[in-house]
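Asks: Sequence plus predicted model, see below.
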Amino acid sequence: MDTLTGDAVALIRELGVAPVHWVGLSMGGFIGQRIAARHGELLRSLILLDTSAGPEDPGKVREYKQLAWLLRLFGIKPILGKVSSYMFGPTFLADPASKTTIDEWVSRLNRSKRAAVRKAVLGVADRAPVDQEITGITVPTLVVVGADDKATPPEKAERIAARIPGAQLQIVANCGHTSTLEQPVTIIGLLDKFLATVDQA
């Protein structure tokens, strides 16, 4: 996560676009928190979707690493059911209309390098916590989480919002971990409303 954070910081500086609005889902949220805590001058606002400030739950670390190895060796097909239950909420998975979105998600995952995906999962599983660092974040912050998120449950979002001064918290009903795919209209609405208040400040 620190390597990805360094890459993001370097990109923002190279492009000369600071301060930027950072919107990060899951791993993107891990990175956004680190940027905001360590390089707050680069951000105009911080939006964290379905993410966590703490370390990975010990009970999930072993499972995530096993899934990463299986994906590396055999691809997503044998473990699709298990991975999908973490990535999407039960309402979305049960809706036949979701099939097109899920099929596209699977297709993109299949086009990715398996070794790279495994390394990304290991980075998630072994990440260091930043729950102490984020208390120093000063940029306007919105924290959003799906009520049915199994990967980073609402209590993790609540802890983030409680630690970042002035942070707003929104819990989205009938939504799992990949909120931008499950409920794009709701998420865009929350972003629009929040960013309008930031721009007026």
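Replies: Sure, I can see it.
Asks: Per-residue pLDDT of residue 201, please?
Replies: Residue 201 is assigned a predicted lDDT (pLDDT) of 67.
Asks: cool, and residue 71?
Replies: For residue 71, pLDDT reads 89.
Asks: That one: neighbouring residues, count only.
Replies: 22 (other CB atoms under 10 Å). Every C-beta, even on glycine, is put in place using the N, C-alpha and C of the backbone.
Asks: which residues does it contact?
Replies: Applying CB atoms under 8 Å, 6 or more residues apart in numbering to residue 71 gives the contacts 79, 83, 114, 117-118, 121.
Asks: mind listing the strands for the chain?
Replies: Ranges of strands within the chain are 20-25, 43-49, 141-146, 168-172, based on DSSP state E.
Asks: can you redo those as CSV with mean pLDDT and distance to residue 14?
Replies: Formatted as CSV, the strands of the chain follow (pLDDT from 0 to 100; distance: least, CB to CB, whole Å):
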stretch, mean pLDDT, distance to residue 14
strand 20-25, 98, 12
strand 43-49, 98, 16
strand 141-146, 98, 25
strand 168-172, 98, 31
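Asks: Mean neighbour count, those strands: which tops it?
Replies: Of the strands of the chain, the one with the most neighbours on average (mean count of other CB atoms under 10 Å) is strand 141-146, at a mean of 27.
Asks: picking up where we left off before, for the strands of the chain, give me CSV that also has distance to residue 33.
Replies: Below are the strands of the chain laid out as CSV (distance: least, CB to CB, whole Å):
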stretch, distance to residue 33
strand 20-25, 8
strand 43-49, 7
strand 141-146, 9
strand 168-172, 15
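Asks: first vs last residue of stretch 13-21, how far apart are they?
Replies: One end of stretch 13-21 sits 14 Å from the other (CA to CA, to the nearest Å).
Asks: quick one on the thing from earlier: quick one, which of the strands of the chain gets closest to residue 75.
Replies: Set against residue 75 and scored by CB to CB, these come closest in strand 20-25, at 23.4 Å.
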